[in-house]
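Novice: Test case, fold it:
(2 chains)
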There are 2 protein chains.
Amino acid sequence: MSEPTPPSTTSHPPSNPPSEPQPQPSTLHIGILLFPGFQALDVFGPLDCLNVISWKNPTITPSLTLSLISRTLSPVSTQPPHLPSALSQSILPTHTLTTAPPINVLIIPGGWGTRAPLPEYITYIQRVYPSLKYLLTVCTGARLAARAGVLDGKRATTNKIDWEEVVALAPGVEWVREARWVSDYGGKVWSSAGVSAGVDMCLEWVEGVWGAEVADQVERIIEFRRWRDGGVDPFA
Amino acid sequence: MSEPTPPSTTSHPPSNPPSEPQPQPSTLHIGILLFPGFQALDVFGPLDCLNVISWKNPTITPSLTLSLISRTLSPVSTQPPHLPSALSQSILPTHTLTTAPPINVLIIPGGWGTRAPLPEYITYIQRVYPSLKYLLTVCTGARLAARAGVLDGKRATTNKIDWEEVVALAPGVEWVREARWVSDYGGKVWSSAGVSAGVDMCLEWVEGVWGAEVADQVERIIEFRRWRDGGVDPFA
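Specialist: As a prediction, the model looks like this:
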């Protein structure tokens, strides 16, 4: 094979410290934010992992709900607001920021759209954060979480191309530059590097929540070459 | 620009033979099929690569169009028809099978839905195939192409989990089991292994169409650890 092989052992143990085993919640009410100019793969990488889990595990499926949350119920486009001729796709939200049911897992994707003010989204993140069991940001999704202040005092990462700009927004965050993904010491806050790193982070999170067999099952079904060491980043 | 470019380090040269350089078309009219129970990542892996290209390359963007083609204009769900409690997402088509503009690139994603009869889709594939410059199938998207007969006499691959079932449908296809992706000798027909392999295939195709710099740009922006040897398959 011609590609870097993911290391099988962790060479940077401090960047992904083991966390205490936690009781598995009876139900995970997952929400993902959709805003104009979201990055398609930031959303559909992790969500397709969850889709596959929900097909294959009848004991898990009844304990999962998924809300696709936007400002309105109108379709949300990946179109960057400043690039009207870019190719794009539109997906349907299931709930608005005001009608979404209670969630205990929030996924925040990145994308060009994270540069917009999005005040309702920032308020939503601030409002739901205390009741979350897990917050997962993908790529520049960390920009929204940082702007909401919920990463302050936490270990986090983000994509490499916007690195300086994002970290400057939130000096109170313990930013980790060389990371494919980072989980904060308490295990509540997870963040990934750019776009496709969200799948690696998601599978690590899945392994922590439901065990290695479930993560391996997803990996096999989506034929994804998982990167197992969050502390080594080929793009850092 | 010539295409397709063979992998730079191919250990199984017969599986991705070099083909004759072809003139680059002035415009690529890309269509992707959406049907109930499509696999989300089969669609959004390749499409997000194209999205990024359209942001970053003002000389390419005007030469690209994208149609998301379904039987009707209603939102199309990833929900497998037989798994009503599975998590799912819905996306908006832009055209129907009968109203879609002429295309010269067709992408066929896989998913549970490829097991359904889908007669209108089969007819559509048969109808547009002769005018295509490129056909790309992802995962069990090869099932639809095989059922349409357009893979007969061609080299192709598909995902590993449905392997026996798909190859049995089309004994006239030169199926290549150990392949992350395969391009047929003429360079018109491309097919990938399961789900995430579609991104590797897409980047190889992108490199052939627009050159290595454009492919590398996408790889860097989506922080994707690209697999460069189509003839080696970690899941075979």
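Novice: chain center to stretch A:119-128: distance?
Specialist: Between the centre of stretch A:119-128 and the centre of its host chain there is 16 Å, according to CA atoms, centre = their mean, to the nearest Å.
Novice: Need the contact partners of that stretch.
Specialist: Here stretch A:119-128 makes contact (CB atoms under 8 Å, 6 or more residues apart in numbering or on different chains) with A:31, A:33, A:35, A:69, A:71, A:97, A:103, A:106, A:108, A:144-145, A:147-150. Where C-beta positions appear, they are placed from N, C-alpha and C, glycine not excepted.
Novice: among the residues you listed, which ones are buried?
Specialist: Buried subset of the contacts of stretch A:119-128 (neighbour count, 16 or more other CB atoms under 10 Å in any protein chain shown): A:31, A:33, A:35, A:69, A:71, A:97, A:103, A:106, A:108, A:144-145, A:147-148, A:150.
Novice: A:G31 belongs to a strand?
Specialist: Yes: counting by DSSP: H, G, I helix; E, B strand; the rest coil, A:G31 is part of a strand.
Novice: show me what contacts it?
Specialist: A:G31 makes contact with A:66-69, A:95, A:100, A:103, A:105-107, A:128 under the criterion CB under 8 Å, 6+ apart.
Novice: could these go into TSV alongside pLDDT and secondary structure?
Specialist: What follows is the contacts of A:G31, written out as TSV (pLDDT from 0 to 100; DSSP: H, G, I helix; E, B strand; the rest coil):
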residue	pLDDT	secondary structure
A:L66	98	strand
A:S67	98	strand
A:L68	98	strand
A:I69	98	strand
A:H95	98	strand
A:A100	98	coil
A:I103	97	coil
A:V105	98	strand
A:L106	98	strand
A:I107	98	strand
A:V128	98	helix
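Novice: can you give me the strands for chain A?
Specialist: A:28-33, A:64-70, A:76-77, A:90-91, A:95-96, A:105-108, A:134-137, A:155-156, A:174-175, A:181-183, A:189-192 (DSSP state E).
Novice: Would you mind saying which of these lies nearest B:I91?
Specialist: Between B:I91 and those, the shortest separation by CB to CB is 4.8 Å, and it involves strand A:90-91.
Novice: Which residues does that closest one contact?
Specialist: A:34, A:43, A:68, A:75-78, B:89-92.
Novice: out of those, who's nearest A:T140?
Specialist: Checking the contacts of strand A:90-91 one by one against A:T140 (CB to CB), the nearest turns out to be A:V43, at 12.7 Å.
Novice: Show me how far stretch A:63-82 is from its chain's centre.
Specialist: In terms of CA atoms, centre = their mean, the centre of stretch A:63-82 is set 15 Å apart from its chain centre.
Novice: Can you give me the buried ones in it?
Specialist: Neighbour-count burial for stretch A:63-82, counted by 16+ other CB under 10 Å, picks out A:64-71, A:75-80.
Novice: Which ones among these also lie next to chain B?
Specialist: Subset of those in contact with chain B: A:64, A:66, A:68, A:75, A:78, A:80, counting by CB under 8 Å from any CB of the partner chain.
Novice: for chain A, what's the longest helix?
Specialist: The residue-count maximum for a helix in chain A (DSSP state H) belongs to helix A:40-56.
Novice: what angle separates that helix from helix B:40-56?
Specialist: For helix A:40-56 against helix B:40-56, the angle between stretch directions is 180 degrees (axes from the mean of the first three to the mean of the last three CA atoms, to 10 degrees).
Novice: buried ones in helix A:40-56?
Specialist: With burial defined by 16+ other CB under 10 Å, the residues of helix A:40-56 counted as buried are A:40-55.
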